[in-house]
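Q: Below are the sequence and a predicted model; questions follow.
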Amino acid sequence: MMTAKYWQPIKDGRVQCDICPRHCKLAAGQRGFCFVRACRDGQIALTTYGRSSGFCVDPIEKKPLFHFLPGTPVLSFGTAGCNLGCVFCQNADISHSREMDTLADTASPELIAKAAQTLNCRSVAFTYNEPHIFHEYAVDTAEECRKRGIKTVAVTAGYVCPEPRREFYASMDAANVDLKGFNEQFYQKYTGSQLAPVLETLLYLKKETPVWFEITTLLIPGLNDSETELQAMTQWLVENLGPDVPLHFTAFHPAYKLAGPPPTPVSTLLMARGIALANGIRYCYTGNIPYPEGETTLCHSCGEKLIGRDGYEIADWNLRENGLCQFCGTACPGVFEPKPGAWGSQRLPVRLGDFA
């Protein structure tokens, strides 16, 4: 446990947490909506600093990031809790846990960076639950990673206040932002949050930072997958972020408290991808379905295949140095090394105590 940043005392003796737009107002002993930021001794404490729900080496494509160090391994971890209340949460056993026993592993930022280096991971990902709620732990870890030449990745819903957002993304190299839908009613009813702050985070990333980022939207039948909403969303993305930010549409499977809607039909993902491409998004991918074309990166200039994928495996690589198309020389936006990694689809759980 450590004293957190971004809070202020308020008149009635409580303290207000300012990490996210909820601005939870807490009396002594109370925890915020996220569960992990709590009022202790008249200030906000981060109760999960140095404690994780587990560590695993994943393929970077699993985050998903398709234009950031393809084929490389990433050391992934999360803590507990979340500042959203998504009824369709895919990681509810972690993000909605209210048991501190969820946090089985302990590790300092220095040890995480050391383990990533020893495991030959090119990056460390803050994932499985919302990294903004363990802001201090993530930022300190990112600083230790930079000392060793290891990049850092945030997998986030982007629901954060402006001041902590600036500090947080100054430490990050890449992000995948989960854009849950494109209307306020959906956000309020199904995530217990708001759309506007997420759009502000996307604009901030694009206009104010060098952070490479991609966007993911889980399409839920009957809730956020209408042609009208997808048209509005993809048009906004192109007009405000440009055509080069990759967009991932992924298939929903009943989970947590949302058992009613059926799994997303393949036809819905193909429809969504078609709308995105027609509206000018150059790189739109499909996930959680077997559809190789939806995993392939094409040159936006000549149309040739740049990166072919078979699940998390790199099957084809036609990029020259600096991410240039080997057929026409056009740059593919992203962060690329001269050759792709060869981690493939491996998933390697690790205990950081072994690296102490």
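A: Received the coordinates, thanks. Source: prediction; values computed, not measured.
Q: so Ala80 sits right up against Val36, yeah?
A: Yes: with contact defined as CB atoms under 8 Å, Ala80 reaches Val36; the gap is 6.1 Å. (Each C-beta comes from the backbone N, C-alpha and C, glycine too.)
Q: Show me the residue at the heart of this protein, geometrically.
A: By CA atoms, centre = their mean, the chain has its centre lying nearest to Val155, at 1.6 Å.
Q: ok, and what's touching the strand or helix carrying it?
A: Assessed by DSSP states H and E, Val155 sits inside strand 151-156. Strand 151-156 is contacted from outside by 60, 63, 65, 68-69, 74, 122-128, 130-132, 138, 141-142, 145-146, 168-169, 171-178, 201, using CB atoms under 8 Å, 6 or more residues apart in numbering.
Q: Partner strands of that strand, with direction?
A: Strand pairing for strand 151-156, using DSSP bridges, gives strand 123-126 (parallel), strand 174-178 (parallel).
Q: Show me what the helix or strand following it packs onto, helices and strands only.
A: The element immediately downstream of strand 151-156 (helix or strand, assigned by DSSP H and E) is helix 162-170. In this structure, helix 162-170 makes packing contacts with helix 135-147, helix 196-208, judged by 3 or more CB pairs under 8 Å, 6 or more residues apart in numbering; DSSP states H and E.
Q: Just name the most buried of those.
A: helix 135-147 (a mean of 21; mean count of other CB atoms under 10 Å).
Q: Show me how far that helix is from its chain's centre.
A: Centroid separation between helix 135-147 and its chain, computed with CA atoms, centre = their mean, to the nearest Å, is 16 Å.
Q: The lowest-mean-pLDDT helix or strand in the chain: what's the following helix or strand?
A: The weakest-scoring helix or strand in the chain, judged by mean pLDDT, DSSP states H and E, is helix 92-95 (a mean of 70). For helix 92-95, the following helix or strand on the C-terminal side (DSSP H and E) is strand 105-106.
Q: So what pairs up with Gly287 in the strands?
A: Thr250.
Q: circling back to that earlier point, distance of the nearest residue to the residue nearest to the centre of the chain once chain neighbours are set aside from Pro290?
A: Leaving aside its chain neighbours, Val155 sits nearest to Thr127 (3.9 Å; criterion: CB to CB, 6 or more residues apart in numbering). Computed as CB to CB, to the nearest Å, the Thr127 to Pro290 distance reads 24 Å.
Q: can you check Ile19 too?
A: In terms of CB to CB, Ile19 sits 39 Å off from Pro290.
Q: same question, Trp7
A: 47 Å.
Q: Which one's more surrounded, these two?
A: A direct count of neighbours by other CB atoms under 10 Å for Trp7 and Pro290 places Trp7 higher, at 21 against 10.
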